[in-house]
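Enquirer: Build the 3D model from these lines:
(chains A, B, C and D)
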2 protein chains.
Amino acid sequence: MTADNRADHRPASPPLTERQEARRRRILNASAQLAARGGFDAVQMREVAEAAGVALGTLYRYFPSKIHLLVATMQDQLQHMHTTLRKRPPAGTDPSERVAETLMRAFRALQREPQLADAMVRALTFADRGVSPEVDTVSRLTTAIILDAMGTEHPTPEQLSAVRVIEHTWHSALITWLSGRASIAQVKIDIETVCRLIDLTAPEAGGRRD
Amino acid sequence: MTADNRADHRPASPPLTERQEARRRRILNASAQLAARGGFDAVQMREVAEAAGVALGTLYRYFPSKIHLLVATMQDQLQHMHTTLRKRPPAGTDPSERVAETLMRAFRALQREPQLADAMVRALTFADRGVSPEVDTVSRLTTAIILDAMGTEHPTPEQLSAVRVIEHTWHSALITWLSGRASIAQVKIDIETVCRLIDLTAPEAGGRRD
DNA sequence: ATCAAGTCTGTAACTTGTTCTAGATTAGCG
DNA sequence: CGCTAATCTAGAACAAGTTACAGACTTGAT
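Expert: Presented below is the predicted three-dimensional model:
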């Protein structure tokens, strides 16, 4: 009754065969492609299945819900972005500058496929407890990207708080932009504003309290 | 074809009759009640209609989608909270302290009905462009609450940025808590962390840049 | 009181996410 | 090769949001 072997879609527990790996990839590609034009609503499970050349039941075996599918799509894209960003690290001198630059670069990448971004981010924020592990993976990836940009080896707890707040801002600002309630300029300002927290929590500088 | 007179559910354009006002109220109450136990999924349009004693079509005339309904429910609750908070203003001396205290108070209020909070917040972040005006109303209400707590009469653009970032953090932190990925303690830390931005952007103190 | 326009009701239909089932295919193993 | 368990396919069925529609009820103006 309880889904045990349902979420075996990550290269973990039972190693997927080659054809299964290929299926999984076809599904993720179809998902991203449908999302890229049409956004969240255009990613319809029957259409994904057909475009990927698998049966509906198979799609559900690989990704137990539409949300799982889109969150996995986001994992995919983030991983891609992480490696891309690593190749050309940000140029700023301050950690806060570098983080802001990195996030704005990521933001511009998303701008190129706003519908895809819409689908992924909506799925991410709509995900409920059942998708927590997958969402957590995305969160860890984002954290890794930010820490990379900071160049900080051993972040203090305070710095980790700042990074969490930056992530909060990043997601939420993205949503307001995607739903047309904030301009790109405003997103930029918000990101630059929140990145100042990094200076504030740098080990040498600033933030004493109580 | 295009819905013009569909969204006339706010006491604006054509003033609602008494019975209509009563219907609207019954619907919102039913929505909140169903949400309070069961969360987002338990707010089923047919059930709301039945509990409110109206036909399904009527429910949709008042609130053109489930998302609209839940966002309106949130407006309702926020308004309530705003007046409650005004009665007992926060005690801290610093603006940042007062804001953090206010938000944590609001947070504890939501904790009392976590399912209701879940339904409202999920609706809010899932809302797409079609619900922008309503979501914006919620956002303005939140801003008003924060500015009240700051006690700032004429906020600078920098301060408004800080307030926006605080709102981002507030929403996103709420989501991580609701989906079980962050503890209450962590939410508290995040809120206190982001509230430090207020000190940073106070007109006399800190934040010069370029 | 009567009429027209607008609103509400009850109900069925349609859409898309999700589940289920019976039979075909594949993978691993002797 | 031949067997068995797992996987995959095709398609039906179900659930909940949304839309459509015919007829009853309200409202407001005359």
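Enquirer: What is the neighbour count of A:L16?
Expert: 17 (other CB atoms under 10 Å in any protein chain shown). Heads up, the C-betas are built off the backbone N, CA and C, glycines and all.
Enquirer: Before we move on, what's the pLDDT of it?
Expert: With respect to pLDDT, A:L16 has a value of 76.
Enquirer: three-state assignment of it?
Expert: When classified by DSSP: H, G, I helix; E, B strand; the rest coil, A:L16 comes out as coil.
Enquirer: Now do the contacts for the closest residue to A:V131 other than its chain neighbours.
Expert: In space, and not counting its chain neighbours, A:V131 is closest to A:I67: 5.5 Å by CB to CB, 6 or more residues apart in numbering or on different chains. Neighbour list for A:I67: A:A123, A:F126, A:A127, A:D128, A:V131 [criterion: CB atoms under 8 Å, 6 or more residues apart in numbering or on different chains].
Enquirer: Look up phi and psi at A:I67.
Expert: phi -60, psi -50 (degrees, to the nearest 10).
Enquirer: how much space is there between it and B:L34?
Expert: Separation of A:I67 from B:L34 (CB to CB, to the nearest Å): 22 Å.
Enquirer: And A:Q33, by the same measure?
Expert: For A:Q33 relative to B:L34 (CB to CB), the value is 38 Å.
Enquirer: Same drill for those two, tell me which one is more crowded.
Expert: B:L34 (23 against 16).
Enquirer: Run through the residues of chain A sitting next to DNA strand D.
Expert: A:N5, A:P14, A:R19, A:Q20, A:R23, A:G53, A:V54, A:A55, A:L56, A:G57, A:T58, A:R61 (CB under 7 Å from any atom of the strand).
Enquirer: Out of the residues you listed, which end up buried?
Expert: For the residues of chain A next to DNA strand D, a neighbour count by 16 or more other CB atoms under 10 Å in any protein chain shown gives the buried set as A:Q20, A:R23, A:V54, A:R61.
Enquirer: what stretches of chain A score poorly on pLDDT?
Expert: Segments of chain A classed as low confidence (criterion: pLDDT under 70) are A:1-14, A:204-210.
Enquirer: got the residues of it near chain B?
Expert: A:40, A:118, A:122, A:125-129, A:131-132, A:135-136, A:139, A:158, A:161-162, A:164-165, A:167-169, A:171-173, A:175-176, A:179-181, A:186, A:189-190, A:193-194, A:196-197, A:200-201, A:207, A:209 (CB under 8 Å from any CB of the partner chain).
Enquirer: Among those, name the ones in helices.
Expert: A:40, A:118, A:122, A:125-126, A:132, A:135-136, A:139, A:158, A:161-162, A:164-165, A:167-169, A:171-173, A:175-176, A:186, A:189-190, A:193-194, A:196-197, A:200 (DSSP state H).
Enquirer: Please, a ChimeraX command that selects the buried ones among those?
Expert: To isolate the buried members of these in ChimeraX, using 16+ other CB under 10 Å:
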select /A:40,118,122,125,126,135,139,158,161,162,164,165,167,168,169,171,172,173,175,176,189,190,193,194,196,197,200
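Enquirer: How many residues are close by A:H68?
Expert: 21.
Enquirer: which one of the contacts of A:I67 has the most neighbours?
Expert: Neighbour-wise, the contacts of A:I67 (other CB under 10 Å) top out at A:A123, 27 neighbours.
Enquirer: about what we covered before: mind putting the contacts of A:I67 in CSV, distance to A:R46 included?
Expert: Converted to CSV, those look like this (distance: CB to CB, whole Å):
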residue, distance to A:R46
A:A123, 18
A:F126, 20
A:A127, 21
A:D128, 23
A:V131, 21
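Enquirer: Greatest separation within those residues: which pair is it?
Expert: Maximum pairwise distance among these (CB to CB): 11.1 Å, between A:A123 and A:D128.
Enquirer: ok, back up a step: which members of the residues of chain A next to DNA strand D additionally contact DNA strand C?
Expert: Checking the residues of chain A next to DNA strand D against DNA strand C (CB under 7 Å from any atom of the strand), the matches are A:R19, A:L56, A:G57.
Enquirer: If you count neighbours, what's buried in stretch A:71-90?
Expert: For stretch A:71-90, by 16+ other CB under 10 Å, it's A:V71, A:A72, A:T73, A:M74, A:Q75, A:D76, A:Q77, A:L78, A:M81, A:L85, A:P90.
Enquirer: Any residue of it touching DNA strand C?
Expert: No - using CB under 7 Å from any atom of the strand, stretch A:71-90 stays clear of DNA strand C, coming no nearer than 11.8 Å.
Enquirer: gap between A:R98 and chain B?
Expert: Going from A:R98 to chain B by CB to the nearest CB, to the nearest Å gives 15 Å.
Enquirer: Could you check the angle the one helix or strand that residue maps to makes with helix A:157-178?
Expert: Counting by DSSP states H and E, the element that carries A:R98 is helix A:95-112. Between helix A:95-112 and helix A:157-178, the angle comes out at 30 degrees (axes from the mean of the first three to the mean of the last three CA atoms, to 10 degrees).
Enquirer: Contacts for helix A:95-112 next, please.
Expert: Contacts for helix A:95-112 (CB under 8 Å, 6+ apart): A:81, A:85, A:89-92, A:116-117, A:145-146, A:148-152, A:166, A:170, A:174, A:184, A:187-188, A:191-192, A:195-199, A:202.
Enquirer: Give me the phi and psi for A:E153.
Expert: Dihedral angles (degrees, to the nearest 10) for A:E153: phi -80, psi -60.
Enquirer: if we can go back for a sec, closest to DNA strand D among the buried ones among the residues of chain A next to DNA strand D?
Expert: A:V54 (3.7 Å; CB to the nearest atom of the strand).
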